[in-house]
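A.B. asks: With the sequence up front, the predicted model follows.
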Amino acid sequence: MKFPLGSVTFNFPLAGRRGEVGKDDEGQRLLELYGLMLRGRRMEGAILELFRRKEMNSTPHLGIGQEAVSVGVVSNLRQSDKVVGT
């Protein structure tokens, strides 16, 4: 499922699959969720490294250690759901 945000589109392969995954797919779903959490951790690590090298002007507000929250929420979104960041 793709979620457009301005000129950027985020692709979440598991979004919208809530209730559609059978027991045979559970292991694959868990691996995909783990992969998304790992991707988020790596991205935030890269942002932190840019900040440490003074290649960013503002302080990043990272969620390292909180990846399961965002992946859990996003993986259960439906196409009609709206998300607002504050």
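C.D. replies: Noted; the coordinates are in hand.

A.B. asks: Look at residue 65 and tell me its secondary structure.
C.D. replies: Following DSSP: H, G, I helix; E, B strand; the rest coil, we place residue 65 in the coil state.

A.B. asks: what's the pLDDT at it?
C.D. replies: Looking at residue 65, its pLDDT is 91.

A.B. asks: Could you check how far it is from residue 56?
C.D. replies: 20 Å (Cβ to Cβ, to the nearest Å). Yep, even glycine has a C-beta here, placed from its N, CA and C like the rest.

A.B. asks: Give me the more crowded residue out of the two.
C.D. replies: Between residue 65 and residue 56, counted using other Cβ atoms under 10 Å, residue 56 has the larger neighbour count: 13 against 9.

A.B. asks: I figured residue 45 hits residue 67, correct?
C.D. replies: No. Assessed by Cβ atoms under 8 Å, residue 45 is found out of contact with residue 67, at 11.2 Å.

A.B. asks: Have a look at these two and say which one is more surrounded.
C.D. replies: Between residue 45 and residue 67, residue 67 has the larger neighbour count (other Cβ under 10 Å), namely 19 against 12.

A.B. asks: Tell me who's in contact with the more buried one.
C.D. replies: By Cβ atoms under 8 Å, 6 or more residues apart in numbering, the residues touching residue 67 are 36-38, 40-41.
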